[in-house]
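Undergrad: what follows is a predicted structure for the sequence shown.
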Amino acid sequence: MRSFYTNIPKLDEISSLSFLDILLIIVSSAGLLHGVLFAVYLCFFKKKKTLPNLLLGLILIFMAFRIGKSVMMNFGDGLEPVFIYAGLAILLLIGPLLRWYVMGLTRASFKLPKNYGLELAPFVFTFIMSFFMTQGSLQNERWSIIVFGSALIFIYLHFAFYIFMAWRMVKSVSNNYKKAVQTKSQKAILDWLNLLIIGFVLIWISYVLNIVDDEVPYIIGPIVYSTAIYFLSFKAFQLKVTDIEGAVFKVEDDNTELFDKITQLIVDEKRYLESDLSLASVSELVGKSTQKTSSVINQYAKRNFNDFINYYRVREAKKMLSKVENEKFTISSIAFDTGFSSLSSFNSAFKKFEGTTPSSLRKK
């Protein structure tokens, strides 16, 4: 691990900034300013003020502080240890905020966890301890390396753990809401969260590489952050995620319940055997409009209403045709018994779902 002193410019050093240094400062500072302005917009000027937007604003503000510390540490002279440790402690705060933000965008009725104070305890402890870190307290190089190294390992592992937790939550929601049945808003949220987590992973990797390899410049972290914040803010507005919250997943829950109710009426109660069953009658039974009923069937059954009904009718007819005791019944009578209004419609539906005709199946 790199020595603690290799990252802290001495008080008597005089900065000599090249054109490249100045360019890097401008790029990094522009990214920080952009992130702060985005946070201010979310917290104060956004008309729709939601808890997820507030959490994202806090993440951006604290990330700006953390990255700002890196810029000053790379180009400044004699940065105080208290400022360095406070900047590192911020990562212990950003982790929980990221987890809560993901929860806020993927849960219908999100409130901060009751034990949120416990998640903030590592940050509070480390932040308070940072005020006891002075240049004088770090004169013992062995002691400073042990303290700084241990804190560094814990902080970055803690941050990695929360990034992993956030990814697990997004993956779990993605598994529960398959792409084929996702609404536009749900897809936007999941796409956005995946991009956000990738951004945090890249930032984490850039800093860890600097710790383990002297050849990786410390300024890489701020550069990666600046690039990520420009891209992510663009995607946030493109996907309109600041106008969406976890309530969009409650709509999906309602649709699931409605489809279960439709399935119970049509399949479990075998109403598909009724020849006069229609979309209008089913909609009336479930208390929804025909448009809503049709949309939910299309979304979950991947078929329109007629195909949805005919699928179960054909399945029932196939059972009847396969039984020896039903050989005395004509194909026409079986067609009418299973809800079809004509033999032609029965033959057409049967071939569509079974790939053969009723008479061919009976012969086999």
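TA: That came through, no problem.

Undergrad: which regions of this protein lie under the pLDDT threshold?
TA: 1-21, 73-79, 133-144, 180-181, 214-216, 218, 252-253 (pLDDT under 70).

Undergrad: and for it, the residue most distant from the center?
TA: Largest separation from the mean C-alpha position in the chain: K328, at 58.5 Å (CA atoms, centre = their mean).

Undergrad: quick check on that residue: phi, psi?
TA: Per-residue torsions, K328: phi -70, psi -20 (degrees, to the nearest 10).

Undergrad: N347 versus that one, what's the distance?
TA: Remark: distance between K328 and N347 (CB to CB, to the nearest Å) = 20 Å. For every residue, glycine as well, the C-beta is placed using N, CA and C.

Undergrad: ok, now T293?
TA: Note on T293: its distance to N347, by CB to CB, is 28 Å.

Undergrad: for the two, indicate the residue with more neighbours.
TA: T293 (23 against 16; other CB atoms under 10 Å).

Undergrad: I'd like to know which elements the helix or strand where I25 lies is packed against.
TA: Assigned by DSSP states H and E, I25 falls within helix 19-40. When contacts are defined as 3 or more CB pairs under 8 Å, 6 or more residues apart in numbering; DSSP states H and E, helix 19-40 sits against helix 51-75, helix 220-239.

Undergrad: neighbouring contacts of the helix or strand that the shortest one is followed by?
TA: So the one you mean is helix 220-239. Later in the chain than helix 220-239, the nearest helix or strand by DSSP H and E is helix 247-263. Contact partners of helix 247-263, identified using CB atoms under 8 Å, 6 or more residues apart in numbering, comprise 106-109, 173, 177, 181, 183, 185-186, 189, 282, 286, 288, 292-293, 296-297, 299-301.

Undergrad: quick one: name whatever helix or strand follows helix 247-263.
TA: The helix or strand immediately downstream of helix 247-263 is helix 279-286, counting by DSSP H and E.

Undergrad: that older thread, comparing the helices and strands packed on helix 19-40, which comes out most buried?
TA: Ranked by mean neighbour count, the helices and strands packed on helix 19-40 are led by helix 51-75 with a mean of 21 (mean count of other CB atoms under 10 Å).

Undergrad: related to what we said a few turns ago, next, format the helices and strands packed on helix 19-40 as a markdown table and append distance to I84.
TA: Output for the helices and strands packed on helix 19-40, formatted as a markdown table (distance: least, CB to CB, whole Å):
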| stretch | distance to I84 |
| --- | --- |
| helix 51-75 | 7 |
| helix 220-239 | 14 |
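
Undergrad: name all residues that make contact with I220.
TA: Contacts for I220 were tallied using CB under 8 Å, 6+ apart; they are 206, 209-210.

Undergrad: tilt between the strand or helix carrying I198 and helix 247-263?
TA: Element membership for I198 (DSSP H and E) is helix 184-212. Relative orientation of helix 184-212 versus helix 247-263 (axes from the mean of the first three to the mean of the last three CA atoms, to 10 degrees): 130 degrees.

Undergrad: helix 184-212: how far from the chain's middle?
TA: Relative to its parent chain, helix 184-212 has a centroid offset of 10 Å by CA atoms, centre = their mean, to the nearest Å.

Undergrad: list the buried ones in it?
TA: For helix 184-212, the neighbour count (16 or more other CB atoms under 10 Å) marks 185-186, 188-190, 192-193, 195-197, 199-200, 203-204, 206-208, 210-211 as buried.

Undergrad: same question, stretch 109-120
TA: For stretch 109-120, the buried set under the neighbour-count rule, 16+ other CB under 10 Å, comprises 110, 119-120.

Undergrad: tell me the one among those nearest to A335.
TA: F110 (52.2 Å; CB to CB).

Undergrad: thinking L196 is in contact with I229, fair?
TA: No. L196 is not in contact with I229 according to CB atoms under 8 Å; the separation is 10.7 Å.
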